[in-house]
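K.L.:
Okay, predicted coordinates and the sequence, questions at the end:
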Amino acid sequence: MIILRVHITFSNNYNCKSSPPSFDLQFDGNTWMTVNTSSTYSYYHEVICGPKGDEISICVARTSLDQIPFISTLEIREFEPSMYEMDDKEDVLLKRSRTAFGATDWVR
């Protein structure tokens with residue numbers, strides 16, 4: 001099992017158009033999600049899944065000819081399959097939100 005995290009921070013006028021891009025994130029050939037960025041927010045997206053083989057592919061796919069997709073950080077971590085119970089390798093867990101109830105500091 002792996003967790004794949006992507007962090008996206010729009011850098012003002014990175015493409016000389018002052019226009020935050022929209023693009024698709026693809027994981028092993030399948031669209032994971034469409035990202036619509038803005039100039040005022042950072043975005044974190046993550047998915048937990050079982051890779052189909054020994055290798056994985058990640059693609060930042062252009063959805064508009066006049067925009068250039070980008071990511072700020074890509075993090076991939078492997079963990080024990082017993083941490084999350086899934087029926088098969090086709091199952092995925094997508095993060096909706098992350099909340100630390102009662103935590104007074106960052107939890108890792």
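P.N.:
Received the coordinates, thanks. Numbering: from 1, shown residues only.
K.L.:
Quick one: end-to-end length of stretch 59-78, please.
P.N.:
The first and last residues of stretch 59-78 sit 19 Å apart, counting by CA to CA, to the nearest Å.
K.L.:
Just the buried residues of it, please?
P.N.:
C59, V60, Q67, P69, F70, I71 (16 or more other CB atoms under 10 Å). Where C-beta positions appear, they are placed from N, C-alpha and C, glycine not excepted.
K.L.:
how much space between the fifth one and C59?
P.N.:
What that stands for is F70. Between F70 and C59 the distance is 13 Å, computed by CB to CB, to the nearest Å.
K.L.:
residues touching A61, list them.
P.N.:
If you count contacts by CB atoms under 8 Å, 6 or more residues apart in numbering, A61 has them with F23, D24, L25, Q26, T31, P69.
K.L.:
Show me which pair in the buried residues of stretch 59-78 is furthest apart.
P.N.:
Within those, C59 and Q67 form the most distant pair, 15.2 Å apart (CB to CB).
K.L.:
buried sites along stretch 41-54?
P.N.:
The neighbour-count check on stretch 41-54 (16+ other CB under 10 Å) flags H45, E46, V47, I48, C49, P51 as buried.
K.L.:
who does the fifth one bridge with?
P.N.:
According to DSSP bridges, the residues that bridge with C49 are I2, V92.
K.L.:
Surely it touches W32?
P.N.:
No. With contact defined as CB atoms under 8 Å, C49 does not count as touching W32 (9.3 Å).
K.L.:
Please report how far T104 lies from Y44.
P.N.:
For T104, the distance to Y44 equals 21 Å [CB to CB].
K.L.:
Please apply the same query to Q26.
P.N.:
Separation of Q26 from Y44 (CB to CB) stands at 18 Å.
K.L.:
any chance you could map the helices in this protein?
P.N.:
Here the chain has no helices by DSSP state H.
K.L.:
Residues in a beta bridge with the spatially closest residue to T34 that is not a sequence neighbour, which ones?
P.N.:
Nearest residue to T34, sequence neighbours excluded (CB to CB, 6 or more residues apart in numbering): D24, at 5.3 Å. When bridges are called by DSSP bridges, D24 pairs up with T34, A61.
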